[in-house]
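**Student:** sequence and predicted structure are below.
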There are 2 protein chains.
Amino acid sequence: MIETKTKILDTAERLIGERGYSATSLRHIISEAHVNLAAIHYHFGSKEDLLDELIVRKAAPVNAERLARLDRLESPTVEQVLEAFLLPMAEAADRDPQFVRLMGRMLSEGLIQGIVQKHFQPVSGRFFGALRLVLPSLSDEEFRWRAHFMAGAMAHTMCGQPLITGPGEPSGSFYSRIERLIVFLAGGFRMEEKK
Amino acid sequence: MIETKTKILDTAERLIGERGYSATSLRHIISEAHVNLAAIHYHFGSKEDLLDELIVRKAAPVNAERLARLDRLESPTVEQVLEAFLLPMAEAADRDPQFVRLMGRMLSEGLIQGIVQKHFQPVSGRFFGALRLVLPSLSDEEFRWRAHFMAGAMAHTMCGQPLITGPGEPSGSFYSRIERLIVFLAGGFRMEEKK
DNA sequence: GTCTATACTGAGATAGAC
DNA sequence: GTCTATCTCAGTATAGAC
């Protein structure tokens, strides 16, 4: 049955979103999906590959929308490039809260290295290029580092749980969170380089 | 023997720094430390508690230095508060490259939630307070989120491996990395709040 | 091609002898 | 304090039923 594969994907997505990747065993997934353990390995190969498919089916439309938005910009500002990258994700989060929860889990468990490199690389590469053009006065070295800081802030912002909790818990909608992030990042990027 | 405990700590620190926490099994640690498996549970209780002790013995002096530096500031700028927090870590990294590698591993594997909450909370709490005083024009909500973005950028900066790789690998000493980070963060914090 | 039953290996944890 | 033996649970691999 083709339904088996879907049942596994849906159940895995829910459980991993709720409990995290490491804390969700394959045996837990199969018991809730009412399928056999070996079916997971038949359809996906391994637990990691299952996760991979979960990410792909969620991220692909977001990434497509990102590129479409980027292509529409003519001579963009820093903010506009950041918006083209971040707003599609905020909108996806609005439509499907499960998605952002899953991504947050991945980030907070540090499982993204391989998966991100595989699926986000082409997209993030294009965005770094666009951002570079908008910031011609920065040295290559400085730009690389600022892009790195940005990646950290973005990744962290998607997690529900803050790494280092400040004075009270952050709140508000995902969308407003992203808008604040864009302002913050633009401020960082616009700083004059310290020599 | 008291030496057993030290041997375990040193070996665990080295192996986890090299391979990561999940990838380092207790059996691997004991074979290199030439101790018995049960000795780890006797001295530490669990693998997680062992990690906890590793962090504490490394982080305690850094945190003490952070607070000392903060206390020395009279009417600080944003940059000075950030320096008080970040430079002690940069100096520790200079003296002991193992330390920053271990912290990076923890962050990239998302193992910090519990440990950070336990040991960094008092320190980070004081710094958030100091930073708040320097930025009186921001709303509470906006400040919380910017602190959150900062935490993400800081955490990510300690990892050797970038989450989202940009155009080429970032390089340079840890110290210069931190200096760039401070400029970037100060720029973000100084932005006017969007209403 | 799809799925089931079952066995294998390695992990962290624990009880109890010494 | 230390060590042996054992437990439970994880992900994985395979043989074979349909």
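**Tutor:** That came through fine.

**Student:** need the three-state assignment for A:V35.
**Tutor:** coil (DSSP: H, G, I helix; E, B strand; the rest coil).

**Student:** my guess is it contacts A:T4. True?
**Tutor:** Yes. Applying CB atoms under 8 Å as the test, A:V35 and A:T4 come out as touching, 5.3 Å apart. For every residue, glycine as well, the C-beta is placed using N, CA and C.

**Student:** okay, the closest residue to A:S139 other than its chain neighbours: pLDDT?
**Tutor:** Nearest in space to A:S139, with sequence neighbours left out and distances taken as CB to CB, 6 or more residues apart in numbering or on different chains, is A:E193 at 6.3 Å. Reading off the confidence values, A:E193 has pLDDT 96.

**Student:** and the lengthiest helix in chain A, what does it pack against?
**Tutor:** If you go by DSSP state H, chain A has its longest helix at helix A:47-72. Where contact means 3 or more CB pairs under 8 Å, 6 or more residues apart in numbering or on different chains; DSSP states H and E, helix A:47-72 is packed against helix A:2-19, helix A:78-95, helix A:97-108, helix A:112-119, helix A:121-134.

**Student:** counting contacts, what elements does the fourth one pack onto?
**Tutor:** Think helix A:112-119. Counting by 3+ CB pairs under 8 Å, 6+ apart, helix A:112-119 packs on helix A:47-72.

**Student:** is DNA strand C within reach of the helix it packs on?
**Tutor:** No. On the criterion CB under 7 Å from any atom of the strand, helix A:47-72 is out of touch with DNA strand C, staying 13.2 Å away.

**Student:** can that helix be found next to DNA strand D?
**Tutor:** Yes. With CB under 7 Å from any atom of the strand as the criterion, DNA strand D is reached by helix A:47-72 at A:K47, A:E48.

**Student:** before we move on, back to that, flag every buried residue along the longest helix of chain A.
**Tutor:** With burial defined by 16 or more other CB atoms under 10 Å in any protein chain shown, the residues of helix A:47-72 counted as buried are A:47, A:50-55, A:58-59, A:62-63, A:65-67, A:69-70.

**Student:** which of those lies closest to B:G110?
**Tutor:** Of all the buried residues of helix A:47-72, B:G110 sits closest to A:L51, with 14.1 Å by CB to CB.

**Student:** contact partners for that closest one?
**Tutor:** A:A12, A:I16, A:Y21, A:M106, A:L111, A:I115 (CB atoms under 8 Å, 6 or more residues apart in numbering or on different chains).

**Student:** per-residue pLDDT of the first one, please?
**Tutor:** The predicted local distance difference test score for A:A12 is 97.

**Student:** could you give the number of residues near the nearest residue to it once chain neighbours are set aside?
**Tutor:** Closest residue in space to A:A12, ignoring its immediate chain neighbours: A:I29 at 5.1 Å, by CB to CB, 6+ apart. For A:I29, the count of nearby residues is 23 (other CB atoms under 10 Å in any protein chain shown).

**Student:** which strands or helices does the host helix or strand of A:I29 pack on?
**Tutor:** Here A:I29 sits within helix A:26-33, counting by DSSP states H and E. Secondary structure elements in contact with helix A:26-33, counted by 3+ CB pairs under 8 Å, 6+ apart, are helix A:2-19, helix A:37-43.

**Student:** what does that helix rub up against?
**Tutor:** Contact partners of helix A:26-33, identified using CB under 8 Å, 6+ apart, comprise A:K7, A:I8, A:D10, A:T11, A:A12, A:L15, A:N36, A:L37, A:A39, A:I40, A:K47.

**Student:** please, a PyMOL command that selects the buried ones among those residues?
**Tutor:** For the buried members of the contacts of helix A:26-33, the matching PyMOL selection, counting by 16+ other CB under 10 Å, is:
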select buried, chain A and resi 7+8+11+12+15+39+40+47
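
**Student:** which stretches of chain A have low pLDDT?
**Tutor:** A:1-2, A:160-172 (pLDDT under 70).

**Student:** near DNA strand C, which residues of it?
**Tutor:** Residues of chain A lying near DNA strand C by CB under 7 Å from any atom of the strand: A:M1, A:I2, A:E3, A:T4, A:K5, A:V35, A:N36, A:L37, A:A38, A:A39, A:Y42, A:H43.

**Student:** chain neighbours aside, what residue packs nearest to the last one?
**Tutor:** Distances taken as CB to CB, 6+ apart put A:K5 closest to A:H43, at 4.8 Å, once the chain neighbours are dropped.

**Student:** run a quick neighbour tally on that neighbour.
**Tutor:** Counted by other CB under 10 Å, the residues lying close to A:K5 total 16.

**Student:** list the contacts of A:T24.
**Tutor:** Per CB under 8 Å, 6+ apart, neighbours of A:T24: A:A12, A:L15, A:I16.

**Student:** what residues does stretch A:88-96 touch?
**Tutor:** A:58, A:61-63, A:65-66, A:69, A:99-100, A:158, A:173-175, A:177-178.

**Student:** buried residues, it. List them.
**Tutor:** Using 16+ other CB under 10 Å as the test for burial, stretch A:88-96 gives A:P88, A:M89, A:A90, A:A92, A:A93.

**Student:** not counting sequence-adjacent ones, nearest residue to the first one?
**Tutor:** Leaving out its chain neighbours, the residue that sits closest to A:P88 by CB to CB, 6+ apart is A:E65, at 4.0 Å.
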